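Engineer: Turn this into a structure:
(one chain, ligands or ions: 3)
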Amino acid sequence: MKATVIVGCQFGDEAKGKMVDYFAGGVDAVARFQGGNNAGHTVIVEGKKYVLHFIPSGVVRGLKCVLGNGMVIEPRKLLEEIEMLRGLGIEPDLLIDQKAHVITQEELDKDAKDSKIGTTKKGIGPCYEDKAARTGIRVMDLLDKGMVSDDYYGAGQKLKQYIGDASLALFGMKKVLIEGAQGTMLDIDHGTYPFVTSSHTVAGSACSGLGIGPGTIEKVVGITKAYTTRVGNGPFPTELEGADGEKLREKGKEFGATTGRPRRCGWFDALIVKYAMRINGINELVLTKLDVLDGFDKVKVCVAYEKDGERVEDLPPNLDGWKPVYDELPGWENSKVASYEELPKEARGYIEKIESLVGVKITMLSTGPARDEVLKRP
Ligand code: GDP
Ligand code: IMO
Ligand code: MG
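Structural biologist: Numbers count the residues shown, from 1 in each chain. Ligands and ions are numbered 1, 2, ... in the order given. Got it, this is the predicted structure:
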């Protein structure tokens, strides 16, 4: 089996869902390896909008969708998602790994009290806590009346047909696409701890979260927005609080797909994406939402941080107090064109600038939410 891993390079919501749908043509399965319904992945095809929380975005193409052992699953919410898809005319073909952990009502109640991190309140953190404490409930336990509430047992019976061994199934396949959730800066070790999620979001985690070996990973594709957004609390050096931030939020429709919260917006931070490139071993970058920058007179890119007279060009371990140093570039009017060559030269200049700062080739651009709004780099 050979796999391509898709990961977010920033704080989540980089348009992973759209790009997973784009890349999914021709694979045997699309698999998630971590997180749960804290994720909100949007796919828009022929005017129909699908917002997915547990189920990999490959479901829109009718592909086999694997929910790996590294995930945390609220069975009632997963059933709601299956019903939502049926309502949109899709019968999902799922495989839920028996070793994935179950988000319990107690864990949901605990997460509801969070105010420090600004979590999605889906019980994600408390569920991973119980997993690490070795007191968690697993998907296989849903099938045991003595292990769970009647409510969960009932949900387990409805999910029974999908429950199995993901590692074994993947081992027998040829080509698999792996869908990361959240982003590198929300990884529990590599992100802005403690303002992070409770799982490893980075590409290396795909192996343990699915029960596959490192040798199966053929390629890692990083998804990055042409600017930066963050939902929830925590440091964000390039955050814009004035009119430019508002303009990015309005034009980019930057409101959370899971919680509806307004996303904090700011300029592109090359230190973050360069770091993501290293931590994930990214081979190719996709730059999304380029169209949102259309119509700005000037666009800025953060090329370094400064604090107390010190200047750094690699991401420091703690982002608190660092001020962004910007390069200013000329803006452009319209990136919604039919080919890369037709992009305004200023937009191409912006892409090349990012590429040279991050040190990875940008192979593709996204210039709108629909499946076909992509430009391949020659
Ligand atoms: P994910 O969590 O990484 O899958 O991203 P989300 O789905 O949470 O957020 C991305 C949002 O941007 C969704 O509403 C997409 O429909 C939308 N989107 C994706 N690509 C583009 C793009 O290139 N341009 C614009 N304007 N919107 C996009
Ligand atoms: P996708 O997959 C953006 C953020 C929350 C909060 C922190 C911890 O759509 O990119 P959690 O509920 O995970 O304990 O919250 O992480 N967060 C996300 N932000 N996109 C996501 O997922 C996120 N999933 C969690 O806002 O700051
Ligand atoms: Mg999202």
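
Engineer: who touches the closest residue to His41 other than its chain neighbours in this structure?
Structural biologist: Nearest non-adjacent residue to His41, counting by C-beta to C-beta, 6 or more residues apart in numbering: Gly17, 2.8 Å away. No exception for glycine: its C-beta is placed from N, CA and C like everyone else's. For Gly17, the contact set (C-beta atoms under 8 Å, 6 or more residues apart in numbering) comprises 41-43, 52, 57, 179.

Engineer: How about Lys160?
Structural biologist: Leu143.

Engineer: ChimeraX command for the buried members of the contacts of Gly17?
Structural biologist: Restricted to buried positions by 16 or more other C-beta atoms under 10 Å, the ChimeraX selection for the contacts of Gly17 reads:
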select :41,42,43,52,57,179
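
Engineer: Can you pick out the most distant pair from the contacts of Gly17?
Structural biologist: Thr42 and Glu179 (12.8 Å; C-beta to C-beta).

Engineer: about what we covered before: would you list the contacts of Gly17 in a markdown table and tack on secondary structure and distance to Leu88?
Structural biologist: Converted to a markdown table, those look like this (DSSP: H, G, I helix; E, B strand; the rest coil; distance: C-beta to C-beta, whole Å):
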| residue | secondary structure | distance to Leu88 |
| --- | --- | --- |
| His41 | strand | 15 |
| Thr42 | strand | 13 |
| Val43 | strand | 11 |
| Leu52 | strand | 11 |
| Ser57 | helix | 13 |
| Glu179 | strand | 19 |
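
Engineer: Which members of the contacts of Gly17 additionally contact ligand 1?
Structural biologist: Contacts with ligand 1 within the contacts of Gly17, counted by C-beta under 6 Å from any ligand atom: 41-42.

Engineer: Looking at the contacts of Gly17, which is nearest ligand 3?
Structural biologist: For the contacts of Gly17, the closest approach to ligand 3 (C-beta to the ion) belongs to His41, at 5.6 Å.

Engineer: The closest one against Gly58, yeah?
Structural biologist: No - assessed by C-beta atoms under 8 Å, His41 is found out of contact with Gly58, at 10.6 Å.

Engineer: Name the residues contacting each of the two.
Structural biologist: Taking C-beta under 8 Å, 6+ apart as the criterion, His41 and Gly58 both touch 20, 179.

Engineer: what's the burial count for Ala15?
Structural biologist: For Ala15, the count of nearby residues is 21 (other C-beta atoms under 10 Å).

Engineer: give the contact list for it.
Structural biologist: Counting by C-beta under 8 Å, 6+ apart, Ala15 has contacts 42, 223, 225, 288-289, 366, 369.

Engineer: between those, which is closest to Leu159?
Structural biologist: Taking C-beta to C-beta as the measure, Leu159 lies nearest Thr42 of those, at 24.2 Å.

Engineer: ok, back up a step: nearest to Leu168, of the contacts of Gly17?
Structural biologist: Glu179 (19.8 Å).

Engineer: Just confirm the closest one contacts Ala31, I think it does.
Structural biologist: Yes - Glu179 lies in contact with Ala31 (C-beta under 8 Å); the separation is 6.9 Å.

Engineer: who touches both of these two?
Structural biologist: Pro56.

Engineer: picking that back up, quick check, pLDDT for the residue nearest to His41.
Structural biologist: Gly17 is assigned a predicted lDDT (pLDDT) of 98.

Engineer: what sits against Thr184?
Structural biologist: With C-beta under 8 Å, 6+ apart, Thr184 has these contacts: 7-10, 190-191, 201-202, 272, 275-276, 279-280.

Engineer: Can you list the strands that the strand or helix carrying Ala304 pairs with?
Structural biologist: Using DSSP states H and E, Ala304 falls within strand 298-307. Paired strands of strand 298-307, with direction, are strand 268-269 (parallel), strand 310-312 (antiparallel), strand 323-330 (antiparallel) (DSSP bridges).

Engineer: what does it contact?
Structural biologist: With C-beta under 8 Å, 6+ apart as the test, strand 298-307 has contacts from 237-238, 267-271, 293, 311-313, 316, 319, 321-331, 350, 353-354, 357.

Engineer: try 6 Å
Structural biologist: Residues from elsewhere that reach strand 298-307 (C-beta atoms under 6 Å, 6 or more residues apart in numbering): 238, 267-270, 293, 311-313, 321-329, 331, 353.

Engineer: Return a PyMOL selection command for the buried portion of those.
Structural biologist: Typed into PyMOL, the next command selects the buried ones out of these (criterion: 16+ other C-beta under 10 Å):
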select buried, resi 238+267+268+269+270+293+322+324+325+326+329+331+353
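
Engineer: Can you tell me the element the residue lying farthest from the centre of the chain falls in?
Structural biologist: For the chain, the residue at maximal distance from the C-alpha centroid (C-alpha atoms, centre = their mean) is Gly146, at 35.6 Å. Counting by DSSP H and E, no helix or strand carries Gly146.

Engineer: so how far is Asp130 from it?
Structural biologist: 18 Å (C-beta to C-beta, to the nearest Å).

Engineer: what do you get for Glu284?
Structural biologist: 37 Å.

Engineer: Next: Tyr350.
Structural biologist: Tyr350 sits 45 Å away from Asp130, going by C-beta to C-beta.

Engineer: cool, and Tyr340?
Structural biologist: Distance of Tyr340 to Asp130, computed by C-beta to C-beta: 48 Å.

Engineer: So for these two, which residue has more residues nearby?
Structural biologist: Remark: of Tyr340 and Asp130, Asp130 carries more neighbours, 21 against 15, as counted by other C-beta under 10 Å.
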